[in-house]
Structure formats: structure tokens, C-alpha cells
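K.L.:
Structure for the following, please:
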Amino acid sequence: MAGLTDRGTIPTVPGSSITTSTPEHGELASMMVHSIEVDPVCTGPYARPPKNGHFVVMDVSVKVAPQSTLSAAGNYYPSVSLRQGGFRAVDNDGNVTPGNDIIGNGYGCLPEEDTVPVDVNA
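P.N.:
Numbering: from 1, shown residues only. Model prediction:
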């Protein structure tokens, strides 16, 4: 896993993988970034213009450990959350998107079947 930046973020580029693990239980979840596209053509039924200047789409795959491993590690939910609050965008000047504002008007840009679920099940 890449180290955290001084802002507490994990740099993510195509080909990178982000993993959550514990020494006792091993890998709990991982996300592989396949591609990142800025300003994709929105094809969703509820598409609106970007609130924060641009839309960014990441093509990712997510792998989650079995529920027994998650439970043994202290996560009693049968899934791993990919909610917007866990992501931040950082521009070239080091400005970080505030709080949950990363989604802007992004909801609806793509059809729901082309999006990762908010919670990925074990």
C-alpha cells in the first residue's frame, strides 16, 4: 500500500491498489484502480452539470474478505463501505474537497448499473 501523504490521503493512479488489512487477520478489503477519466460523457438519466467544475470517474474493482474474517477483525457489518465521505480529491495546488462535497452533482452522471454499490458485500 502506498504511504499517506502529509494531507492524510492515499495517492491513487491507474494501476494502483489500496488495501485495508490487519496483522492478525490479513487483507480485509482491496480496491484496484483500472482507469481514471476526467469529464466523461454522462449517460445517466439524471445527469446534471458538475457542481465543482469537473466529473471524475474511476473504473475500479473491489475485493472484500469473507464475513468470518471481517467479523474476527471487529467489523460486524457484512460489507465494506465505499461512501463518498471516504474519498477526497486534491488539486495541483493541494486544495482538498471539503467533507462529503466530492460527489457534487455526480450522482446521476452514470446509470446506476455502471456504479459501484455504496456498500460492497463480503
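K.L.:
any idea which strand is longest in this protein?
P.N.:
For the chain, the strand with the greatest residue count under DSSP state E is strand 26-38.
K.L.:
Okay, now the sheet partners of the next helix or strand after that one, with direction.
P.N.:
Going down the chain from strand 26-38, the next helix or strand is strand 56-64, by DSSP states H and E. Strand 56-64 has the following sheet partners, assigned by DSSP bridges: strand 26-38 (antiparallel).
K.L.:
okay, the partner strand in PDB with CA atoms only?
P.N.:
Provided in PDB are the C-alpha atoms of strand 26-38 (Å, rounded to 0.1, in the frame of the first residue of the first chain):
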ATOM      1  CA  GLY A  26      -4.600 -10.200   6.800                       C
ATOM      2  CA  GLU A  27      -6.300  -8.400   3.900                       C
ATOM      3  CA  LEU A  28      -9.900  -7.200   4.700                       C
ATOM      4  CA  ALA A  29     -10.600  -5.300   1.500                       C
ATOM      5  CA  SER A  30      -8.800  -4.000  -1.500                       C
ATOM      6  CA  MET A  31      -9.600  -1.700  -4.400                       C
ATOM      7  CA  MET A  32      -7.700  -1.800  -7.700                       C
ATOM      8  CA  VAL A  33      -7.900   1.400  -9.900                       C
ATOM      9  CA  HIS A  34      -8.000   0.400 -13.600                       C
ATOM     10  CA  SER A  35      -8.500   3.900 -15.000                       C
ATOM     11  CA  ILE A  36      -9.400   7.500 -14.100                       C
ATOM     12  CA  GLU A  37     -11.300   9.700 -16.600                       C
ATOM     13  CA  VAL A  38     -11.900  13.400 -16.200                       C
END
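K.L.:
Report the buried residues of it.
P.N.:
Going by neighbour count (16 or more other C-beta atoms under 10 Å), the buried part of strand 26-38 is L28, A29, S30, M31, V33. Glycine gets a C-beta too; all of them are placed from N, C-alpha and C.
K.L.:
what does stretch 64-81 give?
P.N.:
Buried residues in stretch 64-81 (16+ other C-beta under 10 Å): V64, A65, T69, L70, A73, N75, S79, V80.
K.L.:
Can you pull out the low-pLDDT segments for the protein?
P.N.:
Counting by pLDDT under 70, the low-confidence segments of the chain come to 1-2, 85, 98-101.
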